[in-house]
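A.B. asks: Provided below for reference: sequence and predicted model.
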Protein chains: 2
Amino acid sequence: MVEITMRTAAANDELTDTSLRKQVYDSLRAALTSGRFAPGQKLTFRFVAKALGVSLTPVREAVRRLVAEGAFEMQPNRSVRIPLMTKAKVLELRDIRVAVEGLAVGKAAEVATRAQIANLRRIAREIVAVRKRGDSVADREKISEFHFALYTISGQPTLLRVIEGLWLQTGPYMNLLFPDYIASAGGPARRLRIIQALQSRDAVAARREIENDVDGTLSYVAGLADEAGNIVPALPSAAGSRRSKGKASAALELRPKRLDLK
Amino acid sequence: MVEITMRTAAANDELTDTSLRKQVYDSLRAALTSGRFAPGQKLTFRFVAKALGVSLTPVREAVRRLVAEGAFEMQPNRSVRIPLMTKAKVLELRDIRVAVEGLAVGKAAEVATRAQIANLRRIAREIVAVRKRGDSVADREKISEFHFALYTISGQPTLLRVIEGLWLQTGPYMNLLFPDYIASAGGPARRLRIIQALQSRDAVAARREIENDVDGTLSYVAGLADEAGNIVPALPSAAGSRRSKGKASAALELRPKRLDLK
DNA sequence: TCGCCAAATTTGTGATCACAAAAATGCATT
DNA sequence: AATGCATTTTTGTGATCACAAATTTGGCGA
């Protein structure tokens, strides 16, 4: 059920990194943020290696990096799993993200250039266009693009990396926002207010907008928890986190390596 | 000049991780935070492997993790270096740390137990004792212990990991604070005020104290930058960041593997 | 004496192998 | 039919090897 495809390009690091390690990392990250992994699902090095057609070496380094970033979880024994999300964790992530993303937008409002603001406006328009089509995956990608374009304006690389790490942990659960929340919330209007605040160099207003955005979004997700505090995302195709018997399931879930690399 | 010793135990992760990878990671981290690496210094996998008496495999994974955490820097070509510190970077780290450590202490003040407060008081006393001896390394270790004991009280593991990542980047430059700053600042009094605020559940006051602490400390470090904005830490033994000629220097800097592992 | 280029060395990367611990399987006993 | 227990399989870990790119070295020529 899980299908991983190679990604050739990425954003943050050196664009000249063509190593297999980086490609595996990008592939896993893309699979993760697009919700192709089920929470609690076990992930073996050999599975990923076979799915992507590479040896264990680059897979190990890529997966270990994701573990260090909190995107994967290392069990006490020795296996990698997709972390489960709890209400407490969402609330913790909410508070951290409110703090750091508020900080970033405050800085951004002080230094934004006309071209950068125009770029934000373009992305905001694209979100509206994509939303009409009802494509939730493209929608989330565009929203992510808007946010990171905004945070990048701050010109603070370390801050940006912190934010990226936090997004990576919330990413797999953002599809919970569809179709209820995002479709109904005042997303487009809020983005326009943010852009307006940047234009008028109003750091306080810009910061308040983004804080409300993050707060509202993650508070909503936290509210989806069951009585035990667990949050289960609706998967595109419901690949249960519970393993079926034996190697049959593994063979079923393994896709014949569709990879763009080379 | 660089000497790396194996560490058997660590704090944050699973305490059951006895892998070589983890030991190498802890060793490098310890060497880094105690200022045993010169900024700009190049680090090769084989050097570390030889120094610690292990193969390349665990070294690669450990170093790559440090790179992901921002403790090391990957050059566009392909070599790992100790990052240089600039005024802009210190100020960026300052603002992030003020935000997240303020957040942590605010939470801590709301939930601190009597035993946890007593523990903080014990560490605060130990800092005073260590300071009398003038041991700057032990001093910094104790201060770190106090801060993380404080942040741990918040009970927010993700927040704690973010803070650890930020400390790892500022760590190598904290020895700049000696002997001028730390010895003169009102450190002990501030810690007592923080403890007092925790006791009276005054989150606002506790938060303000830690914000002032981080702000003051890193603003001081930022002030040490030269005209170009670079910050050069005074190394215990001034191993210049500039390499001397050829392999002679490498041979000189390589220490005959003092390691506790096995 | 100072560049400049080819040879030699260093170094990161990826694959493969060996091994031990963990997990899964299957069989026997009650 | 259920439950232990031994066997088999899976899986992470660390070492080693091969290779290409980058770096360094050394000598040649202006």
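C.D. replies: Happy to help now that I have it. Numbering: from 1, shown residues only, chains lettered A, B, ... in the order given.
A.B. asks: quick one: residue A:74 and residue A:80 touch, right?
C.D. replies: Yes - Residue A:74 lies in contact with residue A:80 (Cβ atoms under 8 Å); the separation is 6.1 Å. For glycine as for every other residue, the C-beta is placed from the backbone atoms N, C-alpha and C.
A.B. asks: what do those two both touch?
C.D. replies: residue A:67 (Cβ atoms under 8 Å, 6 or more residues apart in numbering or on different chains).
A.B. asks: Same drill for those two, tell me which one is more crowded.
C.D. replies: Neighbours were counted for residue A:74 and for residue A:80 using other Cβ atoms under 10 Å in any protein chain shown; residue A:80 has more, 19 against 16.
A.B. asks: Mind jotting down where the helices sit in chain A?
C.D. replies: For chain A, the helices defined by DSSP state H occupy A:20-33, A:45-52, A:56-68, A:87-111, A:114-133, A:136-153, A:157-170, A:180-184, A:187-199, A:203-222, A:246-253.
A.B. asks: Those helices: lowest mean pLDDT?
C.D. replies: Ranked by mean pLDDT, those end with helix A:246-253 in last place, scoring a mean of 27.
A.B. asks: Alongside DNA strand D, which residues does chain A contribute?
C.D. replies: Listed as neighbours of DNA strand D in chain A under the rule Cβ under 7 Å from any atom of the strand: A:43-47, A:56-57, A:60, A:78-80, A:247, A:250.
A.B. asks: I'd say residue A:65 and residue B:64 touch.
C.D. replies: Yes - at 6.4 Å, residue A:65 counts as touching residue B:64 under the criterion of Cβ under 8 Å.
A.B. asks: From residue A:129, how far off is residue A:139?
C.D. replies: Note on residue A:139: its distance to residue A:129, by Cβ to Cβ, to the nearest Å, is 10 Å.
A.B. asks: Pick out whichever of the two has more residues nearby.
C.D. replies: The neighbour count for residue A:139 versus residue A:129, taken as other Cβ under 10 Å, is higher for residue A:139 (21 against 10).
A.B. asks: what's the nearest residue to that one if we skip its chain neighbours?
C.D. replies: residue A:130 (5.3 Å; Cβ to Cβ, 6 or more residues apart in numbering or on different chains).
A.B. asks: which residues does the one you found contact?
C.D. replies: A:138-139, A:142.
A.B. asks: Closest one to residue A:107 out of these, please.
C.D. replies: residue A:142 (23.1 Å; Cβ to Cβ).
A.B. asks: hang on, the closest one packs against residue A:124?
C.D. replies: No - Residue A:142 is beyond contact range of residue A:124, at 9.0 Å (criterion: Cβ under 8 Å).
A.B. asks: Out of the helices of chain A, flag the one nearest residue B:212.
C.D. replies: helix A:87-111 (17.1 Å).
A.B. asks: CA atoms of stretch A:86-94 as CSV?
C.D. replies: Only the C-alpha atoms of stretch A:86-94 are listed here, as CSV (Å, rounded to 0.1, in the frame of the first residue of the first chain):
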residue,chain,number,x,y,z
THR,A,86,-1.6,12.4,20.8
LYS,A,87,-3.6,15.3,21.9
ALA,A,88,-0.8,16.4,24.3
LYS,A,89,1.7,16.2,21.5
VAL,A,90,-0.4,18.3,19.1
LEU,A,91,-0.9,20.9,21.9
GLU,A,92,2.8,21.0,22.5
LEU,A,93,3.6,21.4,18.9
ARG,A,94,0.9,24.1,18.7
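A.B. asks: what sits up against it?
C.D. replies: With Cβ under 8 Å, 6+ apart, stretch A:86-94 has contacts from A:166, A:169-170, A:173, A:214-215, A:218-219, A:221-222, A:225, A:229-231, B:156-159.
A.B. asks: Write a ChimeraX command that selects only the buried members of the residues you listed.
C.D. replies: Applying 16 or more other Cβ atoms under 10 Å in any protein chain shown to the contacts of stretch A:86-94, the buried members can be selected in ChimeraX as follows:
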select /A:166,169,170,173,214,218,221,222,225,231 /B:156,158,159
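A.B. asks: is stretch A:150-168 anywhere near chain B?
C.D. replies: Yes - Stretch A:150-168 reaches chain B (Cβ under 8 Å from any Cβ of the partner chain) through A:156-159, A:161-162, A:165-166.
A.B. asks: So what touches that stretch?
C.D. replies: With Cβ under 8 Å, 6+ apart as the test, stretch A:150-168 has contacts from A:12, A:29, A:32-33, A:66, A:69-71, A:93, A:96-97, A:100-101, A:103-105, A:107-108, A:111-113, A:116, A:120, A:144, A:147-148, A:194, A:198, A:210, B:70, B:89, B:92-93, B:95-96, B:158, B:162, B:165-166, B:169.
A.B. asks: Apply 6 Å and report the result again.
C.D. replies: A:69, A:71, A:97, A:100, A:104, A:107-108, A:112, A:116, B:92, B:96 (Cβ atoms under 6 Å, 6 or more residues apart in numbering or on different chains).
A.B. asks: list the buried ones in that stretch?
C.D. replies: Buried positions in stretch A:150-168, judged by neighbour count with 16+ other Cβ under 10 Å: A:150-156, A:158-168.
A.B. asks: and what of stretch A:124-134?
C.D. replies: For stretch A:124-134, using 16+ other Cβ under 10 Å, the buried residues are A:124, A:127, A:130-131.
A.B. asks: same check, this time on stretch A:70-77
C.D. replies: So, applying 16+ other Cβ under 10 Å, buried residues of stretch A:70-77: A:70-74.
A.B. asks: Spatially, which two of those residues are the most separated?
C.D. replies: It's A:71 and A:74 that sit farthest apart of the buried residues of stretch A:70-77, by Cβ to Cβ, at 11.3 Å.
A.B. asks: For residue A:16, give its distance to chain B.
C.D. replies: From residue A:16 over to chain B the distance is 6 Å, taken as Cβ to the nearest Cβ, to the nearest Å.
A.B. asks: With adjacent residues omitted, what lies nearest to residue A:113?
C.D. replies: residue A:153 (8.0 Å).
A.B. asks: Would you agree residue A:56 is in contact with residue A:49?
C.D. replies: Yes - between residue A:56 and residue A:49 a contact is recorded at 5.2 Å, counting by Cβ atoms under 6 Å.
A.B. asks: These two: who's more crowded?
C.D. replies: Each of residue A:56 and residue A:49 has its neighbours counted (other Cβ under 10 Å); residue A:49 has more, 18 against 14.
A.B. asks: need the contact list for that one.
C.D. replies: By Cβ under 6 Å, 6+ apart, the contact list for residue A:49 reads A:56, A:59.
A.B. asks: 10 Å instead?
C.D. replies: A:24, A:55-60, A:63 (Cβ atoms under 10 Å, 6 or more residues apart in numbering or on different chains).
A.B. asks: which of these are close to DNA strand C?
C.D. replies: A:55-58.
A.B. asks: which of the residues you listed has the most neighbours?
C.D. replies: Result: residue A:58 is most packed of those (other Cβ under 10 Å), 19 neighbours.
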